[in-house]
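> next one to model:
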Amino acid sequence: MATKDFDRFEALAEQVPDEIITHTLVSDVTLASGATLALLTLDNGLDHSKPTTLGPGTLIEFGRELNRQHERAAAGQIQALAVTGKPYFLVAGADLTTVKTLKKSASGALMADLGHAAYDLLADLGVPTFAFINGVALGGGLEVALAANYRTVSSGANGLGLPEAFIGLVPGWGGVYRLPRLIGPEAATTVMIENPLNNNRSLAGPAAYKLGIADALFEPADFLEQSLAWADTVLSGAEVARPNAVDPAADPAVAERWDAAVAKGRAFVEAKTAGAAPAPGKVLDVFEAGKTISQGESARLECAALVELMQTPQFHDTVYSFLDLVQKRAKRPAGAPDRKLARPVTKIGVVGAGLMAGQFALLFARLLKVPVVITDIDQGRVDKGLSYIHGEVDKLLAKKRISADAANRTKALVTGSVSKESFADADLVIEAVFEELQVKKQVFAEVEAVVSPECILATNTSSLSVTEMAADLLHPERVVGFHFFNPVAAMPLIEIVRAPKTDDAILATAFAVAKDLRKTAVLVKDAAAFVVNRVLLRLMGEVSNAFDDGTPAEIADNALRPMGLPMSPFTLLAMVGVPVAQHVTESLHEAFGDRFRVSANQQALIDHGVKSLWVQHDDGTRSIPDSTLELLSFGSTPSTSEELLVRTQEALAEEIGLMLDEGVVAGPEDIDLCMILGAGWPMHLGGITPYLDRVGASERIRGARFHAE
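Okay, the predicted model is just below:
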């Protein structure tokens, strides 16, 4: 392959003058065999908190260096080339800030072409090329590795994947073509479709090696040395086995597997997004076509898909969700006090030994690595709670997510007691008891009697007044809401609730603890159900009301499918639990009146122990049993799907507008962030407030958009 002309891309780089360049640093390594390997290290010169990314300036420099190495290879000066990254990163993918800047379709096409120009050189340099995946390799970062002829990966590497379907794009630099040929079409569907649409999952090094993405796996301590030595064996003729590699053009059975994988991917996308997000479908279109076309033809399809998707509202909404909210606003919580005010937390108490309490205790012990004591009213409950925690630790150990030493340390950190006197030296005590105001007030009174004046009292209430909980205490300023979402370990959001008297130092400590727990904290005002539950219950309430008023269950439950929500309202109701949803609705009804109607039908389900409306049948269909229908009563004013969708959109616009007027959060961005991280609101919808702007509900109800156009 001849060298490439990268001068023609200079105008593209000029459009992004603030790009943080990931430089290509070159050093020659003499291998044991005497061969010379050119080692290219991608490094932006910043510490590990600033990931290396790919913008036009970066790719131009990378491409020009590959041109130079191509000439050296032709002259016999090098016998191999390898690409690796700075500590913890190969490359974290394309710079989304850059991509967002390139608004003209011609610029998008040029950016796609630039990546292919550089990566094609790496794929056909004239000497064997290697990628040493030492850390994060996402999107264009993993495509760098896929373009190389051979790959090693560190067992300590995390964050490997092609997340473009999640971001609103397609892998645009050869990944859709190369990956299924390397690891098989089924695994490629998992990496390109299922993982991105499952909360943007990624692979760790061992998993990537097992799939066949990498040819060799080495420990992080001497990863580079081992990779270089392995590369030397390849240059000396060692055979590299790739049992998962396939060629659909040469094997009809592989072609059939290809079609089946695409079909499975399309069914998965429909179930996850109801077709509301165009990017996953485009990925599958390119993937499907790639079965019978060349690499160059696939590249043209990738470029065309990228250009089209970069102009869609869903892509720009995803960039807002992912970049502006999850990546930026989440790291600088609006209204959070100065972190310097935070107090050290060296011991934590948990009131209760049930499921939520056990999840809290395990999370605190694992991530804060401080002593945790759980209490309950009798030893049997305490022992059951400790047994649950030990069992969860054993599961982590069995899955090799923690070491044996870490498992033993975690178990040792958690103890139990039937006396709240065990909280005497705690710095923070969180209650996880029954969701009833008087019970929680009594618990706090008992705890306050034994803890130090500086000890923080935190409540995990999902809907009750934090102000009321603190009203009778000697030190109400020490009380803060610390609302986790279930499952505690997995859900990234904590709503930190400030009551009128909550002290800044208490708040600062709560934010510091949340950060140490690797959670995103959002400051919310003490108002009924705070943010996520208030919005969700308004949404679920509109659907429940329509059902109670006579709308057939299938119509009511499917009316919101155009939103592309992760689950239907009745499925969500069953997951949350009808009693929990009813309890929160009752709190909201008491606070806000008839906007939150308490359902007599849901109460009937609770009274008769019915946990879900639907019964799922073996053939995939579902129905409401006659025995359940006999418990319910219905009105005579049914709605159509279209009517219910519009009514729900307008109800959400009304409720969120009222929340902003009440000062529940600092701005609509915080409501968007809460819904994305606490309720799984789809990224491609751009947060709930941009969605309501886009469908016109904001202007119909409020007379104005939540965001400027």
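
> would you say Ile430 is within a strand?
Yes: per DSSP: H, G, I helix; E, B strand; the rest coil, Ile430 lies within a strand segment.

> give me every residue that touches it.
348-351, 360, 458-460, 482 (C-beta atoms under 8 Å, 6 or more residues apart in numbering). In short, each C-beta sits where N, CA and C put it, glycine included.

> distance-wise, check it relative to Val480.
10 Å (C-beta to C-beta, to the nearest Å).

> list residues touching both of those two?
By C-beta under 8 Å, 6+ apart, the residues touching both Ile430 and Val480 are 458-459.

> other residues contacting the helix or strand of the chain with the lowest mean pLDDT?
Lowest on mean pLDDT, DSSP states H and E among the helices and strands of the chain sits helix 96-101, with a mean of 74. For helix 96-101, contacts defined as C-beta under 8 Å, 6+ apart pick out 15-16, 19, 53, 55-56, 108, 111, 167, 169, 310, 316, 319, 322-323.

> over to Val480. Which of the three states is it?
Look at Val480: counting by three-state DSSP, its state is strand.

> and the pLDDT for it?
In this model, Val480 is scored at 98, pLDDT.

> with the one 10 residues further on instead?
Note for Ala490: predicted pLDDT of 88.

> that one and Gln77: what is the separation?
Ala490 is 52 Å from Gln77, by C-beta to C-beta.

> more neighbours: which of the two?
Gln77 (13 against 9; other C-beta atoms under 10 Å).

> residue contacts, that one?
By C-beta under 8 Å, 6+ apart, Gln77 lies in contact with Thr36.

> and stretch 147-164, how far out from the chain middle?
Stretch 147-164 has its C-alpha centroid displaced from the chain centroid by 19 Å (C-alpha atoms, centre = their mean, to the nearest Å).

> let me fix that: stretch 446-460
That offset, for stretch 446-460, works out to 33 Å (C-alpha atoms, centre = their mean).

> what of stretch 485-492?
The answer for stretch 485-492 is 12 Å, by C-alpha atoms, centre = their mean.

> show residues contacting it.
With C-beta under 8 Å, 6+ apart as the test, stretch 485-492 has contacts from 356, 359-360, 362-363, 484, 493-494, 518-520, 532, 677-678.

> ok so, going back, and the contacts of Ile430, which of them are in strands?
Of those, the ones assigned to strands by DSSP state E are 348-351, 458-459, 482.

> tell me the one of the residues you listed nearest Tyr177?
Closest approach between the ones in strands among the contacts of Ile430 and Tyr177, by C-beta to C-beta: Phe482, at 47.8 Å.

> for the stretch 1-150 of the chain, what spans make up the strands?
In the stretch 1-150 of the chain, the segments counted as strands under DSSP state E, counting those that start in this stretch are 23-30, 36-43, 80-85, 89-91, 129-133, 136-138, 150-154.

> so Trp173 sits right up against Ala145, yeah?
No: look at Trp173 against Ala145 with C-beta atoms under 8 Å: they stay out of range, at 11.2 Å.

> okay, the two: which has more neighbours?
Between Trp173 and Ala145, counted using other C-beta under 10 Å, Trp173 has the larger neighbour count: 32 against 27.

> phi, psi for the more buried one please.
Torsion angles at Trp173 (phi, psi; degrees, to the nearest 10) stand at phi -130, psi 40.

> quick one, what contacts it?
By C-beta under 8 Å, 6+ apart, the contact list for Trp173 reads 112, 115-116, 119, 140, 143, 147, 302.

> over to Arg597?
So Arg597 contacts 541, 544-545, 585, 589 (C-beta under 8 Å, 6+ apart).

> can you tell me the SS state at Gly237?
Strictly by three-state DSSP, Gly237 counts as coil.

> got it, and the one 4 residues further on?
Assigned by three-state DSSP, the conformation of Ala241 is coil.

> please enumerate the helices of the stretch 601-709 of the chain.
Assigned by DSSP state H, counting those that start in this stretch, the stretch 601-709 of the chain shows helices spanning 626-629, 641-662, 668-679, 688-694, 697-702.

> so which of these gets nearest Ala267?
Among the helices of the stretch 601-709 of the chain, helix 641-662 comes nearest to Ala267, with 21.9 Å by C-beta to C-beta.

> noted, bye for now.
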